[in-house]
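# Provide a 3D model corresponding to the input given below.
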Amino acid sequence: MRIVFPALLLAAALPLAAADSKPVPPPPPIPPASADDPAVGEPEVTIVQKEDATVTEYRMAGRLYMVKVTPKVGPEYYLVDDDGTGQMVRRDGQRPLRPPMWVIKRF
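Now for the predicted structure:
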């Protein structure tokens, strides 16, 4: 009986709350993208074939943000500019390793 009464009150109040709500207006149209906007578009990809490796450079709005190096011998790796300073950090083709952690004891 304790659960039924609040459920009936809630069921009776829902149509009243829905009657007061106004319809939501549609969102404004998306402005057309211009070719001059650097935030819009795809990255520029430049592939350079060297004697011992293939270097693929990725640029967005003229700024180099990633380099993929595929050597003739060995696995490929990436040089990534994480913070926009122009300093490249080496990343192998895999995600960074996150060791598993468990809570042993809480104080």
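# Am I right that A11 is in a helix?
Yes: counting by DSSP: H, G, I helix; E, B strand; the rest coil, A11 is found in a helix.
# Could you measure from it over to E42?
From A11 over to E42 the distance is 52 Å, taken as CB to CB, to the nearest Å. Using the backbone N, CA and C atoms, a C-beta is placed for each residue, glycine as well.
# between those two, which one's more packed in?
Between A11 and E42, A11 has the larger neighbour count (other CB atoms under 10 Å), namely 9 against 6.
# tell me which element V48 is part of?
Element membership for V48 (DSSP states H and E) is strand 44-49.
# What strands flank the helix or strand hosting T70, and is each parallel or antiparallel?
Using DSSP H and E, the element containing T70 is strand 63-71. If you go by DSSP bridges, strand 63-71 pairs up with strand 53-60 (antiparallel), strand 77-80 (antiparallel).
# what's in contact with it?
With contacts defined as CB atoms under 8 Å, 6 or more residues apart in numbering, strand 63-71 is touched by 43, 52-59, 76-81, 84, 86, 88.
# Equivalent analysis for stretch 83-93, please.
By CB under 8 Å, 6+ apart, stretch 83-93 touches R63, L64, Y65, V67, P75, E76, Y77, Y78, L79, V80, D81, D82.
# change it to 6 Å
By CB atoms under 6 Å, 6 or more residues apart in numbering, the residues outside stretch 83-93 that reach it are E76, Y77, Y78, L79, V80, D81, D82.
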